[in-house]
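Chemist: below is the sequence, then the predicted model.
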There are 2 protein chains.
Amino acid sequence: MTLSEEDYIKAIYHLGKGLDQAVSTNSIAEQMDTKPSSVTDMVKKLSEKDLVFYKKYKGVLLTETGRLSALSIIRKHRLWEVFLVDKLDFAWDEVHEVAEQLEHIKSEKLIDKLDAYLGNPKVDPHGDPIPSKDGEFKKSVKRLVTELPIGSQGICVGVNDSSVAFLKFLDKNNISLGDTLEILDKEDFDGSLSIRVKGKEMRISEQIGSNLFLEVLEKD
Amino acid sequence: MTLSEEDYIKAIYHLGKGLDQAVSTNSIAEQMDTKPSSVTDMVKKLSEKDLVFYKKYKGVLLTETGRLSALSIIRKHRLWEVFLVDKLDFAWDEVHEVAEQLEHIKSEKLIDKLDAYLGNPKVDPHGDPIPSKDGEFKKSVKRLVTELPIGSQGICVGVNDSSVAFLKFLDKNNISLGDTLEILDKEDFDGSLSIRVKGKEMRISEQIGSNLFLEVLEKD
DNA sequence: AATTAATTTTAGACAAATCTAAATATTTGT
DNA sequence: ACAAATATTTAGATTTGTCTAAAATTAATT
Ligand SMILES: [Mn+2]
Ligand SMILES: [Mn+2]
Ligand SMILES: [Mn+2]
Ligand SMILES: [Mn+2]
């Protein structure tokens, strides 16, 4: 598989949300920043290689082989993102472009060893799940801290209330987007929460918790 | 610069041994495992981009820009090799193919951070020098252990006497090709040497030392 | 010095990946 | 249901990197 084919397969997977959804030529073109006519050409080639089902004017769908290829590329992309953030101290929002290149390096041994070296991580720095070698993974969802049960763990990915005051609070308490947050306890009395971020335990009010989004893995 | 252009520039650098030597079309073709006609085409393109001087039938020579480009690619190649061996536990003789791919990843920040993460290494797992960001490096040479002064440090790259007995000795003492070896002391009386390999000190006879090759950096 | 051999370049072709412009099919709105 | 708008495909061209076969140049041998 060429670099370009891999990028197309990945785009088709993302646009179809991993489901049995036919994906339109135009949507692929937009995602890949190319022209629809280029997409048609490539989609024909992918169809020849049995990576997608394709019917003229009716969109495109990954075959099982195609789906597994997509997951393999996504696995590599996300493992490299973990490497860049955990080992090389990249910020969570500057890893995508580099991972976009690294995901195409061909060596099964490399990925196996990288996975082990990183401690077999289950999620990438954006909270997205890392598929296993054989293409299995839990889906991830975006939830408010207050919506989650005790013991939950996720990655801070956004805020509901983007007021200056709220952002200042987060900054002051050394909570940044991209940080892993664990819910240790909930206080029935006032709904306040005990959490751990960057190894440090702290208590936050229900109001804070209801404005901070975590990306968490779904239960089985 | 495309991946292919980078590989050509690197090949031309290696064939010219970093000196002002004109390199022949055929030698490049052999090194790159392509046809001479393909080399001629590429060499014209590189000449257009002022990466090489090229005169029909007279061979090709890197310009200063070309030389610096070559060193930049070699730097990346060797840093990745160190990463694969030191961090991912690859054997020294299985890293080349993967590094051949990784050397083309485009991100200055990535290489800076990788360099720092690896502890700014000066040599790769084969004992070859790693050029600095601005293209400076010491040449490396292959020397018998006995030819080197106390304090020398290098990488085991070969044997003079490949007898079973000698190889068994190395194996028994846990010395493998690719290991870093440091010469701690020399005994005038019998020429025996005190060395350190893999953190362990040991004493070897002059006969052993005169059959083991080290790749070492030249003094300034 | 002339012939032969080896090297190098040119000419023409091809596959991959892309584009523009034009043709065709599908969807939408009346 | 039909026209207009939108989406998709085709046709033809371009760039990059490669190849084969043939021509041209340089080097080696008698
Ligand atoms: Mn990519
Ligand atoms: Mn990610
Ligand atoms: Mn390479
Ligand atoms: Mn090396």
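Modeler: Noted; the coordinates are in hand. Ligands and ions are numbered 1, 2, ... in the order given.
Chemist: all strands of chain A, in order?
Modeler: Along chain A, the segments classed as strands by DSSP state E run A:52-54, A:60-62, A:140-144, A:153-159, A:180-186, A:193-197, A:200-204, A:212-217.
Chemist: what's the closest of these to B:Val145?
Modeler: Counting by CB to CB, B:Val145 lies closest to strand A:180-186 out of the strands of chain A; the figure is 49.6 Å. For glycine as for every other residue, the C-beta is placed from the backbone atoms N, C-alpha and C.
Chemist: that closest one pairs with which strands?
Modeler: Counting by DSSP bridges, the strands paired with strand A:180-186 are strand A:153-159 (antiparallel), strand A:193-197 (antiparallel).
Chemist: looking at the ones you listed, which is closest to A:Leu212?
Modeler: strand A:153-159 (6.0 Å).
Chemist: mind listing residues that contact that closest one?
Modeler: A:123, A:125-127, A:142-143, A:148, A:166-167, A:170, A:175-183, A:197, A:211-217 (CB atoms under 8 Å, 6 or more residues apart in numbering or on different chains).
Chemist: now list the buried members of these.
Modeler: Of the members of those, the ones counted as buried by neighbours, 16 or more other CB atoms under 10 Å in any protein chain shown, are A:123, A:125-127, A:143, A:148, A:166, A:170, A:175, A:177, A:179-181, A:183, A:197, A:211-217.
Chemist: and ligand 2, which of the residues you listed contact it?
Modeler: Here is what survives when the buried ones among the contacts of strand A:153-159 are matched to ligand 2 using CB under 5 Å from the ion: A:His126.
Chemist: who's in contact with the spatially most central residue of chain A?
Modeler: Nearest to the mean C-alpha position of chain A, by CA atoms, centre = their mean, lies A:Asp128 at 2.7 Å. Contacts for A:Asp128 (CB under 8 Å, 6+ apart) come out as A:78, A:140, A:215.
Chemist: can you do 10 Å?
Modeler: Contacts for A:Asp128 were tallied using CB atoms under 10 Å, 6 or more residues apart in numbering or on different chains; they are A:74, A:77-78, A:81, A:137, A:139-140, A:155, A:157, A:215, A:217.
Chemist: before we move on, the earlier item: any chance of a markdown table for the strands of chain A, columns mean pLDDT?
Modeler: As requested, these are exported to a markdown table (pLDDT from 0 to 100):
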| stretch | mean pLDDT |
| --- | --- |
| strand A:52-54 | 98 |
| strand A:60-62 | 97 |
| strand A:140-144 | 95 |
| strand A:153-159 | 95 |
| strand A:180-186 | 96 |
| strand A:193-197 | 96 |
| strand A:200-204 | 95 |
| strand A:212-217 | 96 |
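Chemist: ok, what's across the strand from A:Gly158?
Modeler: Beta bridges link A:Gly158 to A:Phe213, judged by DSSP bridges.
Chemist: separation between it and B:Val82?
Modeler: Taken as CB to CB, to the nearest Å, the spacing of A:Gly158 relative to B:Val82 amounts to 38 Å.
Chemist: those two: who's more crowded?
Modeler: Ranked by neighbour count (other CB atoms under 10 Å in any protein chain shown), A:Gly158 and B:Val82 place B:Val82 first, with 22 against 13.
Chemist: pretty sure the more buried one is touching B:Ile111, no?
Modeler: No. Using CB atoms under 10 Å, B:Val82 makes no contact with B:Ile111, being 11.9 Å away.
Chemist: longest helix of chain A?
Modeler: Taking DSSP state H as the assignment, the helix of chain A that covers the most residues is helix A:64-82.
Chemist: does that one reach ligand 1?
Modeler: No. Applying CB under 5 Å from the ion, one finds helix A:64-82 separated from ligand 1 by no less than 7.3 Å.
Chemist: how about that helix and DNA strand C, any contact?
Modeler: No. Helix A:64-82 stays clear of DNA strand C (CB under 7 Å from any atom of the strand), getting no nearer than 14.0 Å.
Chemist: for ligand 1, what is the nearest residue in chain A?
Modeler: Closest residue of chain A to ligand 1, CB to the ion: A:Glu100 (4.0 Å).
Chemist: so what's that residue up against?
Modeler: Taking CB under 10 Å, 6+ apart, we find A:Glu100 in contact with A:7, A:10, A:77, A:80-81.
Chemist: kindly report the same for A:Val95.
Modeler: For A:Val95, the contact set (CB under 10 Å, 6+ apart) comprises A:77-78, A:80-85, A:88, A:102, A:124-126, A:178, B:107, B:110.
Chemist: nearest to B:Met1 among the residues you listed?
Modeler: B:Ser107 (13.9 Å).
Chemist: domain ranges for chain A?
Modeler: Taking automatic domain parsing as the reference, chain A has its domains at A:3-62, A:143-216.
Chemist: okay, those domains in CSV with distance to B:Gly66 next?
Modeler: Listed next are the domains of chain A as CSV, based on distance: least, CB to CB, whole Å:
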stretch, distance to B:Gly66
domain A:3-62, 25
domain A:143-216, 40
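Chemist: out of those domains, which is closest to DNA strand D?
Modeler: Closest to DNA strand D of the domains of chain A, according to CB to the nearest atom of the strand: domain A:3-62, at 2.8 Å.
Chemist: is ligand 2 contacted by that closest one?
Modeler: No. Domain A:3-62 does not reach ligand 2 (CB under 5 Å from the ion); its nearest approach is 11.2 Å.
Chemist: off-centre distance for that domain?
Modeler: Distance, stretch centre to chain centre, for domain A:3-62: 20 Å (CA atoms, centre = their mean, to the nearest Å).
Chemist: again, but for stretch A:196-209
Modeler: Distance of stretch A:196-209 from the chain centroid (CA atoms, centre = their mean) equals 24 Å.
Chemist: next: stretch A:56-70.
Modeler: Centre-to-centre, stretch A:56-70 and its host chain are 20 Å apart (CA atoms, centre = their mean).
Chemist: wait, A:Val197 sits on A:Ile208?
Modeler: No. Applying CB under 10 Å as the test, A:Val197 and A:Ile208 come out as separate, 11.9 Å apart.
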